[in-house]
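**Student:** what follows is a protein structure lacking sequence information:
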């Protein structure tokens, strides 16, 4: 069963699915795919067993995961509580710190008061990377070189984050120039099975969006790989 926004009514996935339903009628495409109530309505009408959230949009939204469970539909992904902790980068950092994992210096979520935000930025030190607390894919990310950049970039990033993830919370992190971006994918199920799928290098990016991922990371030595 597929859902589609009005703009995607001719998209291939709609016709490849056995059934397809218009979601968020009258809304713009991003808003349509963020319409939790309408997605749940369609799920109930189509008598679906489970929802795979896809990528982006509501895939990392804990309220959506909770709404699926409340509607008696399995959510293919982490539960809402796990998402609230790890889907929010500020909360995830706190978990990492508690587990004695080294982290890059950063602020907590920035307040609306720009003067307070400026003080928080100075404590970490420029240059900084402005990041959306929720979601990924490079959305809401801006390099902040000086204090003069903070106010306009914060406003821009918050608008972008709100449109992409339905939440405009942002924070600041110390900018590491020419960093290696290495990820380890972890997969688990509700029976307690947990595996890692080794590491992948995601350093080749455009506008902070990963373009090429290489696995295994070609420069990684065996000791670092084991430690990671």
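**Tutor:** That came through, no problem. This structure is a prediction, so every number in the text was calculated from the model and none was measured.
**Student:** same for the longest helix along the chain, what does it pack against?
**Tutor:** Residue-count comparison of every helix in the chain, with assignments taken from DSSP state H, identifies helix 147-165 as the longest. With contacts taken as 3 or more Cβ pairs under 8 Å, 6 or more residues apart in numbering; DSSP states H and E, helix 147-165 sits against helix 114-124, strand 128-132, strand 142-144, strand 170-174. To be clear about C-beta, it is placed using only N, CA and C from the backbone, and glycine gets the same treatment.
**Student:** contact partners of stretch 192-202?
**Tutor:** Contacts of stretch 192-202 from elsewhere in the structure, counted by Cβ atoms under 8 Å, 6 or more residues apart in numbering, are 180-188, 210, 212-220, 225, 228.
**Student:** narrow those residues to just the buried residues.
**Tutor:** With burial judged by 16 or more other Cβ atoms under 10 Å, the buried subset of the contacts of stretch 192-202 is 182, 210, 217.
**Student:** isn't the second one right up against residue 204?
**Tutor:** Right, residue 210. Yes - contact criterion Cβ atoms under 8 Å: residue 210 and residue 204 qualify, at 7.3 Å.
**Student:** nearest spatial neighbour of residue 158, chain-adjacent residues omitted?
**Tutor:** Excluding the flanking residues, the one nearest residue 158 by Cβ to Cβ, 6 or more residues apart in numbering is residue 168, at 4.0 Å.
**Student:** burial count for that neighbour?
**Tutor:** Other residues within reach of residue 168 by the criterion other Cβ atoms under 10 Å amount to 20.
**Student:** that one against residue 161, yeah?
**Tutor:** Yes - at 5.1 Å, residue 168 and residue 161 qualify as touching, with contact defined as Cβ under 8 Å.
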